[in-house]
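Undergrad: Sharing a sequence plus its predicted fold:
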Amino acid sequence: MNPLIRVIPAFLVRFFAKPYVAGDSLAAAMDVVGRLRRERGLWSTLDLLAEDIREPEQARRNLEAYLQMVDAVAAMPAADRATLSLKPSSYTTEPLHEGGDGGGSFEAMQQIVRRAAANGVDCTIDMEGHPWTDFTLDALSKLHAEGLRNLGCVLQTRLFRTERDLDALPPGLRVRLVIGIYQEAGEIALTDKPAMKDRLLQYAEKLLARGHYVEFASHDVAYVRRFVEEVVPRAGVGADRFEVQMLYGVPRDRFLADLSRAGIKARLYVPFALGWDMAIEYLRRRLDEYPAMMWLVSKNLILRR
């Protein structure tokens, strides 16, 4: 990690993180999920901030937390339920991006997804940096082959390989399309952000044409409009085949309200932690991967005022 990011005081990191983190407990996160649905008509996907763990006890704690998340979401009315976002690195002390084999990660996700399926809860295997891509898509295929149809995946348009990965997806899958936050080398990924966003539109159209459910995840209002006003009509699909997703805390309230009035489902990605120390480490890692985030966070804080 960049040493300048490491020396940022924890209280300052927490100040920047707070608008984007739904608290330091599952109860706090569920309260946010409930209020978003009641007061703003928005759905949620819950994510536990628990990457880059070091101790087996942390892996066990994260697994138990997700099983509790399944139970909490299952207690919601079916039409209002959140989905769960799973990061493979949350369940192993041998992460692939550090040369490990990801031991225990698949088994943990399998347990969570099976329990979720039995309780009517949808899950998404999130996508991390490129060392995890093959592992993640392989886990998706294995779980889908088990008959677990409550599972979706994430694809990052910045990676050159993603167009090929589209062709290998199980039929009818739910797919969250993102440009991706992980900074990747120019040998394996685009470095031009407008090109990444253009691929959001191209890949969304391909996925819709192939019968997938598309979760179009972007904060760029212009591109979301193009997706809704250009891509969806060309694909000839109804509002039951797609949704728009954004990050909790990013100020797009008026636009999201417009989507809701137009009958378009909008969902917020809602991260929370089991303690603020985990949330602070999460933001430090994001700042290290994407230093421009500090400026974006500052701009969003100003817009919220």
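TA: Happy to help now that I have it.
Undergrad: okay, now Met109: neighbour count?
TA: Applying other CB atoms under 10 Å, we find 25 residues neighbouring Met109. C-betas here are computed from N, CA, C, even on glycine.
Undergrad: for Lys142, that is, sorry about that
TA: 13.
Undergrad: For it, give its distance to Ala59.
TA: Lys142 is 20 Å from Ala59, where distance means CB to CB, to the nearest Å.
Undergrad: low-confidence ranges in the stretch 201-305 of the chain?
TA: The stretch 201-305 of the chain contains residues with pLDDT under 70 at 285-305.
Undergrad: one more time with 90
TA: 249-251, 253, 257, 261, 274-305 (pLDDT under 90).
Undergrad: Could you do the stretch 1-150 of the chain as well?
TA: Judged by pLDDT under 90, the stretches of the stretch 1-150 of the chain that qualify are 1-20, 50-54.
Undergrad: For the stretch 101-250 of the chain, which segments count as helices?
TA: 105-118, 133-145, 162-167, 193-209, 221-226, 232-235 (DSSP state H, counting those that start in this stretch).
Undergrad: And the fourth one, what does it pack against?
TA: Judged by 3 or more CB pairs under 8 Å, 6 or more residues apart in numbering; DSSP states H and E, helix 193-209 is in contact with helix 162-167, strand 174-178, strand 213-217, helix 221-226, helix 232-235.
Undergrad: can you put those in JSON lines and add mean neighbour count?
TA: Conversion of these to JSON lines gives the following (neighbours: other CB atoms under 10 Å):
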{"stretch": "helix 162-167", "mean neighbour count": "14"}
{"stretch": "strand 174-178", "mean neighbour count": "23"}
{"stretch": "strand 213-217", "mean neighbour count": "23"}
{"stretch": "helix 221-226", "mean neighbour count": "16"}
{"stretch": "helix 232-235", "mean neighbour count": "14"}
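Undergrad: Ok, which of these comes nearest Glu205?
TA: helix 232-235 (5.9 Å; CB to CB).
Undergrad: For the closest one, output the C-alpha coordinates as PDB.
TA: Written as PDB, here are the backbone C-alpha positions of helix 232-235 (Å, rounded to 0.1, in the frame of the first residue of the first chain):
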ATOM      1  CA  VAL A 232     -33.200  -1.600 -23.800                       C
ATOM      2  CA  PRO A 233     -35.600  -0.600 -26.700                       C
ATOM      3  CA  ARG A 234     -33.200  -2.200 -29.300                       C
ATOM      4  CA  ALA A 235     -33.200  -5.400 -27.300                       C
END
